[in-house]
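Peer 1: Prediction below, plus the sequence it came from.
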Amino acid sequence: MTYRIGEFAARLGLSSYTLRYYEKEGLVAPHRDANDQRYYTDEDGAWLLFLLHLKGTGMTMAQLREYVRLRAQGDATMTARLALLQDVREEAQAQIRALQHNLAVLDDKVAWYQGKLAGTIDAAETFAAYLQRINHEEDSDHD
């Protein structure tokens, strides 16, 4: 099946402007009909969705362009593509670890406010003192 730019962009949840930007960056190449009108196929959609997944991992536009360039060169570049994807994976995992740490701090702050409002945390206890107390309690649980 074939799609015009607006329909194709909408199917992927993108704007036509974004799709044109991806074209300009060399990530996707539209086909042209006899009237030189752009059109796309389901295969183009699958490819672009894959690239959007990569982008969702934090892959930069430069890394995406490099991946596309390597892929266009064929199987001889598999080792380079694997190395690039492994680097992106490591970066994404580091971002996830940082996000999990930040979420843990947020959870502690929420618990502190909830404890203050419920009266289970002394009114004079600061957040820093609360953290020290709960971290100390967690440390003694592991002894």
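Peer 2: Great, that's in hand.

Peer 1: Output the contacting helices and strands for the lengthiest strand in the chain.
Peer 2: When the chain is parsed with DSSP state E, its longest strand is strand 38-41. Other helices and strands packing on strand 38-41, by 3 or more C-beta pairs under 8 Å, 6 or more residues apart in numbering; DSSP states H and E, are strand 2-3, helix 5-12, strand 31-32. Any C-beta I mention is one placed from the backbone N, CA and C, and that applies to glycine too.

Peer 1: Following the chain past that strand, name the next helix or strand.
Peer 2: Going down the chain from strand 38-41, the next helix or strand is helix 42-56, by DSSP states H and E.

Peer 1: Centre of the chain to that following helix, how far?
Peer 2: In this view, helix 42-56 has its centroid 13 Å away from the chain centroid, taken as C-alpha atoms, centre = their mean, to the nearest Å.

Peer 1: okay, the helices and strands packed on strand 38-41 in JSON lines with distance to A123, mean neighbour count and mean pLDDT next?
Peer 2: Listed next are these as JSON lines, based on distance: least, C-beta to C-beta, whole Å; neighbours: other C-beta atoms under 10 Å; pLDDT from 0 to 100:
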{"stretch": "strand 2-3", "distance to A123": "62", "mean neighbour count": "16", "mean pLDDT": "95"}
{"stretch": "helix 5-12", "distance to A123": "53", "mean neighbour count": "16", "mean pLDDT": "94"}
{"stretch": "strand 31-32", "distance to A123": "69", "mean neighbour count": "10", "mean pLDDT": "94"}
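
Peer 1: Indicate which one of those is closest to R38.
Peer 2: helix 5-12 (5.1 Å; C-beta to C-beta).

Peer 1: relative to helix 42-56, how tilted is the closest one?
Peer 2: For helix 5-12 against helix 42-56, the angle by axes from the mean of the first three to the mean of the last three C-alpha atoms, to 10 degrees is 50 degrees.

Peer 1: quick one: contacts of helix 5-12?
Peer 2: Contact with helix 5-12 is made by 3, 15-16, 18-20, 30, 38-40, 44-45, 48-49, 52, as judged by C-beta atoms under 8 Å, 6 or more residues apart in numbering.
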